[in-house]
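K.L.:
here is my input; please provide its structure:
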Amino acid sequence: MQLSRTNTFILLTFLVAMWGVNWPLSKYALEFATPLLFAGLRITIGGLLLLIFAIPRYRNLNLKHTWHIYLISAILNIILFFGFQTFGLSMMPAGLFSTIVFMQPVLLGIGAWLWLGESMNGFKIVGLILGFIGVAVISINDGSGNISTVGVLLGLASTVTWSFGTIYMKKSSAKVDAIWLTTLQMIFGGIVLLITGSAVENWTEIVWNQPFISTLSVIAIFCTALTWLVFFLLVRSGEAGKMGSFNFLVPLIAIVVSVIFLGETITAKMVVGLILIIVGIVLVNLQMRSMKDRENRLEGSTD
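P.N.:
From the prediction side, this is the model:
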């Protein structure tokens, strides 16, 4: 199914906006819940909602031969990614943490070069260098007390596991149904996070008030389940390549929302680091987009 430009723009806007507000919303929710139990709740609820869309595609499941793909994907994309993410988010400003995590396109370019046979070029190299310099600048302790070294490391760990998870999903995409892959990895990963959280955290520490329930619902429905559905709609329509050029807007949205609604502050050091990281992400995404355009032109010339 080919989407119109208007529909593509609407879906991309929704996806980036939800990714952006996810960070300050999750930061706010952590005021009422412990990290692992919160991560388990949001992922399990989102996975159960996606099950509604996956069940009609039950003939595509083929669990007997592909169970290991679902398991590995759940470990990388859910258990490790959201585990590191949620703990790190509790230690750092939401906007800043999201910027570190969204270095993923930069690291993904390196991983795709090493394991998927994609080309390496000057844009990607410069983007990677600028991104890591930006993280180093942010990590320098100037006595402000705003930056947690452990939080930065957890953000980088989130980025690495997300990158490996994405590469693994790309390499395995022809063997599994995309919606079933997302649904099962979320349900399995969410349950593991809930079990782990139950062992090391206390359910009584969750404040089940109206702000927490409302925030959890928005995150599970809009920032988790619906964003994945939109993602796969864009992939199936051939518009996934455009998402790369929009990725750098996610941390910007997260920063603006965090400053306005959470009262977070940004120091000069953070601004320098943020600019370096975002420029690095933009360089990689611009190159990815130009490569995609060349591929489309080549395909068109062979028709």
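K.L.:
number of residues surrounding the nearest residue to residue 257 once chain neighbours are set aside?
P.N.:
Nearest in space to residue 257, with sequence neighbours left out and distances taken as C-beta to C-beta, 6 or more residues apart in numbering, is residue 24 at 4.6 Å. C-beta here means a position set from N, CA and C on the backbone, and glycine is covered the same way. By other C-beta atoms under 10 Å, the residues close to residue 24 number 25.
K.L.:
then the one 4 residues further on?
P.N.:
If you count neighbours by other C-beta under 10 Å, residue 28 ends up with 17.
K.L.:
contacting residues for it?
P.N.:
Each residue near residue 28 by C-beta atoms under 8 Å, 6 or more residues apart in numbering is listed here: 211, 215, 261, 262.
K.L.:
with residue 177 instead?
P.N.:
Residue 177 neighbours (C-beta under 8 Å, 6+ apart): 54, 57, 60, 61, 62.
K.L.:
and which of those is nearest residue 97?
P.N.:
Lowest distance from residue 97 to the contacts of residue 177 (C-beta to C-beta) belongs to residue 54, with 30.6 Å.
K.L.:
show me the helices in the stretch 101-250 of the chain, by range?
P.N.:
Per DSSP state H, counting those that start in this stretch, the stretch 101-250 of the chain carries helices over the ranges 104-115, 122-139, 149-172, 178-200, 210-218, 227-236, 249-261.
K.L.:
report all helices and strands that the fourth one contacts.
P.N.:
Which is helix 178-200. Helix 178-200 sits against helix 35-54, helix 63-74, helix 81-89, helix 227-236, with contacts defined as 3 or more C-beta pairs under 8 Å, 6 or more residues apart in numbering; DSSP states H and E.
K.L.:
okay, now residue 159: neighbour count?
P.N.:
24.
K.L.:
could you measure it against residue 174, distance?
P.N.:
26 Å (C-beta to C-beta, to the nearest Å).
K.L.:
returning to what we had before: tell me the most packed of the contacts of residue 177, by neighbour count.
P.N.:
Ranked by the number of neighbours (other C-beta under 10 Å), those place residue 54 first, at 20 neighbours.
K.L.:
contacts only, for that residue.
P.N.:
Here residue 54 is in contact with 177, 179, 180, 183, 184 (C-beta under 8 Å, 6+ apart).
K.L.:
which one of the helices of the stretch 101-250 of the chain lies nearest to residue 279?
P.N.:
Among these, helix 122-139 sits nearest to residue 279 (C-beta to C-beta), with 5.5 Å.
K.L.:
what's the angle from the closest one to helix 149-172?
P.N.:
Relative orientation of helix 122-139 with respect to helix 149-172: 150 degrees, computed using axes from the mean of the first three to the mean of the last three C-alpha atoms, to 10 degrees.
K.L.:
which other residues reach helix 122-139?
P.N.:
With C-beta under 8 Å, 6+ apart, helix 122-139 has contacts from 96, 99-100, 103, 106-107, 109-110, 113, 147, 149, 152, 156, 269-270, 272-284, 286-287.
K.L.:
could I have it exported to CSV, CA atoms only?
P.N.:
Only the C-alpha atoms of helix 122-139 are listed here, as CSV (Å, rounded to 0.1, in the frame of the first residue of the first chain):
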residue,chain,number,x,y,z
GLY,A,122,33.0,10.3,5.5
PHE,A,123,29.6,11.5,6.7
LYS,A,124,29.2,8.5,9.0
ILE,A,125,32.7,8.7,10.3
VAL,A,126,32.4,12.5,11.1
GLY,A,127,28.9,11.9,12.6
LEU,A,128,30.2,9.2,14.9
ILE,A,129,33.1,11.3,16.0
LEU,A,130,31.0,14.3,16.7
GLY,A,131,28.4,12.2,18.6
PHE,A,132,31.0,10.7,20.9
ILE,A,133,32.7,14.1,21.5
GLY,A,134,29.2,15.4,22.4
VAL,A,135,28.7,12.6,24.9
ALA,A,136,32.2,13.2,26.4
VAL,A,137,31.5,17.0,26.7
ILE,A,138,28.2,16.3,28.5
SER,A,139,29.8,13.7,30.8
